[in-house]
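>>> please find the sequence and the predicted model below.
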Amino acid sequence: MTTERCDVLIVGGGPAGSSCARVLQQAGLDVLVLDKSGFPRDKVCAGWITPPVLDELEIDRADYARERVLQPITGFRLGLIGAVPLDTDYARIVSYGIRRCEFDHYLLQRAGARLSLGEALHSIERRAGGWLINQRIEAALLIGAGGHFCPVARHLGADVGRGELSVTAREIEFRMSDAQQRRCNVAPHRPELYFCADLKGYGWVFHKGAYLNIGLGREDPQRLAEHSTAFLDWLKTTERIPDDSPAVLHGHAYLLYGHSQRKLIDDGVLLIGDAAGLAYAQSGEGIRPAIESGLLAAATVLAAKGDYSSAGLAGYRDNLRKRFGAPGDTRPQPIATTVRHYLGKRLLRKRWFTRHVVLDRWFLHSRQPLIATAGAMTSAPAHQGLQSLMR
Ligand SMILES: Cc1cc2nc3c(=O)[nH]c(=O)nc-3n(C[C@H](O)[C@H](O)[C@H](O)COP(=O)(O)OP(=O)(O)OC[C@H]3O[C@@H](n4cnc5c(N)ncnc54)[C@H](O)[C@@H]3O)c2cc1C
């Protein structure tokens with residue numbers, strides 16, 4: 001078997017892996033991205049992103065939208081499942097709807113790294129000064145970007161899928177026929193979010209271009225199928241969605257920041273994105289934390305100048321904390337059922353609460369500044385990259 005060599009092997013070509021790969025490749029490192037899927041590939045996801053995602057990745061909106069869905073969102077309809085919702089309009093673009101099969105493919109192609117697609121990681125061996133992966137790829141540095149079930153996270157000791165408190169969600173995305181589009185009452189510029197009565201999860205409906213994405217996620221996995229089926233039925237009987245919308249949803253799990261005990265760094269290796277358990281606790285948004293962790297990891301790698309010991313990579317963990325807070329800070333406080341019930345019934349009917357707390361703070365993170373763009377990083381000398389990124 002011929003051996004392939006690279007400076008950095010990134011396992012996983014999702015938003016975390018491709019964002020990291022692009023910066024490292026542009027800075028002159030030889031990067032190889034390994035992914036078990038061929039691209040374009042689907043990813044179970046609502047496909048909602050906020051403008052900072054596009055800005056931090058320097059995505060030209062017009063260029064992206066030429067051949068792909070980029071649905072501008074200017075407001076939200078929000079409420080409790082079964083109750084009358086409230087509309088919030090911003091009169092400006094506050095989010096976008098994308099399709100993950102298109103978005104992830106675009107980012108991975110644009111990264112400019114070498115790709116080995118359709119190849120799962122099946123073996124990891126530590127060698128002097130690096131790694132031997134799949135008995136054929138030698139790399140000085142290994143980056144785990146393989147999502148929630150990332151094999152590199154397992155290698156670092158994560159009890160993936162067992163000893164962890166993860167969010168589970170189910171979703172379906174389909175192209176509507178012309179007749180279905182006429183019977184869909186969800187406005188493309190105003191997606192709909194509906195909380196479960198116990199506030200332990202929420203359902204969504206996103207109408208993007210000709211596509212409809214419907215799903216529901218919950219903190220506790222018990223009765224997820226029951227909750228999501230009831231949600232779908234309610235959307236149909238209230239004529240929000242066509243009554244012949246598909247009823248088979250696809251499930252996936254992921255960790256919220258603060259719920260994860262995963263080790264993020266060791267000698268010659270680090271984790272980014274869902275592999276590191278970084279999704280925002282209140283909304284479950286994971287794409288922005290995934291790309292930001294990819295950029296922060298890349299900055300750390302460049303600043304390390306070849307010292308990939310855990311001490312050389314420690315800046316990455318520090319910068320995640322600066323960005324997202326100490327993990328303990330974001331752990332949601334247990335809320336008594338009665339309080340949840342009160343919150344659900346009363347607060348979600350108040351306009352100020354839905355707009356300023358639920359949407360502005362929890363979903364849009366409107367106070368969270370951009371981290372510097374990838375371009376700003378690579379144009380600065382490597383040692384300045386990390387500082388400029390965290391400014
Ligand atoms: C139902 C649902 C809805 C969601 N909706 C949203 C949303 O609207 N907005 C948002 O911001 N976030 C959302 N999220 C979260 C978001 O999808 C993730 O946080 C995001 O995809 C993380 O990106 P990533 O690059 O870390 O991992 P991923 O996107 O999961 O990419 C990981 C890659 O690793 C590859 N891989 C896995 N195992 C191996 C292996 N053994 N060998 C090689 N390659 C491997 C996979 O093929 C995949 O391409 C949602 C999640 C779910 C479950």
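Yep, it's here.

>>> pretty sure residue 111 is touching residue 15, no?
No - in this structure, residue 111 is not within contact of residue 15 by Cβ atoms under 8 Å, at 10.6 Å. Where C-beta positions appear, they are placed from N, C-alpha and C, glycine not excepted.

>>> tell me which of these two has more neighbours.
The residue with more neighbours, out of residue 111 and residue 15, is residue 15; 31 against 24, by other Cβ atoms under 10 Å.

>>> what about the more buried one, distance to residue 194?
Shown here: residue 15 relative to residue 194, a distance of 26 Å by Cβ to Cβ, to the nearest Å.

>>> equivalent analysis for residue 79, please.
Taking Cβ to Cβ, one finds residue 79 at 6 Å from residue 194.

>>> do residue 83 as well
In terms of Cβ to Cβ, residue 83 sits 8 Å off from residue 194.

>>> what's the answer for residue 134, then?
44 Å.

>>> equivalent analysis for residue 60, please.
Taken as Cβ to Cβ, the span from residue 60 to residue 194 is 34 Å.

>>> settle it for me: which of the two has more neighbours?
Neighbours of residue 60 and residue 194, each counted by other Cβ under 10 Å, are more numerous for residue 194; the result is 23 against 9.

>>> where in this structure is pLDDT low?
Scanning the chain for pLDDT under 70 picks out the ranges 328-341, 343, 372-391.

>>> quick one: the helices in it?
Remark: helices assigned in the chain by DSSP state H are 15-26, 51-56, 61-67, 100-111, 151-155, 178-182, 224-237, 287-304, 310-324, 337-346, 351-352, 374-379, 382-390.

>>> excluding its backbone neighbours, what's nearest the residue of the stretch 101-250 of the chain found nearest the ligand?
Evaluated by Cβ to the nearest ligand atom, the stretch 101-250 of the chain has residue 147 as its residue closest to the ligand, separated by 2.7 Å. Among residues not flanking residue 147 along the chain, residue 274 sits closest, at 4.5 Å (Cβ to Cβ, 6 or more residues apart in numbering).

>>> what residues are up against the one you found?
14, 16, 147, 148, 150, 254, 255, 286, 290 (Cβ atoms under 8 Å, 6 or more residues apart in numbering).

>>> ok, those vs residue 1, which is closest?
Ranked by distance to residue 1 (Cβ to Cβ), the contacts of residue 274 are led by residue 150 at 24.2 Å.

>>> correct me, but the closest one touches residue 14?
No - counting by Cβ under 8 Å, residue 150 does not reach residue 14; the two are 10.0 Å apart.

>>> what's near enough to touch the residue in the stretch 1-150 of the chain that the ligand sits nearest to?
The minimum distance from the stretch 1-150 of the chain to the ligand, using Cβ to the nearest ligand atom, falls at residue 14 (2.3 Å). Listed by Cβ under 8 Å, 6+ apart, the contact set of residue 14 reads 43, 104, 145, 147, 273, 274, 290.

>>> quick check: the gap between the fifth one and residue 50.
This points to residue 273. Applying Cβ to Cβ to residue 273 and residue 50 gives a distance of 16 Å.

>>> the more surrounded of the two?
Per other Cβ under 10 Å, whichever of residue 273 and residue 50 has more neighbours is residue 273, with 32 against 21.

>>> which stretches of the stretch 151-300 of the chain form strands?
Under the criterion DSSP state E, counting those that start in this stretch, the stretch 151-300 of the chain contains strands at 167-175, 192-195, 201-208, 211-218, 250-254, 265-266, 269-271.

>>> what residues does the stretch 101-250 of the chain have near the ligand?
Taking Cβ under 6 Å from any ligand atom as the contact definition, the stretch 101-250 of the chain meets the ligand at 120, 121, 145, 146, 147, 149, 151, 169, 171, 215, 217.

>>> top of these by neighbour count?
Compared across those, residue 145 has the highest neighbour count, 33 neighbours, by other Cβ under 10 Å.
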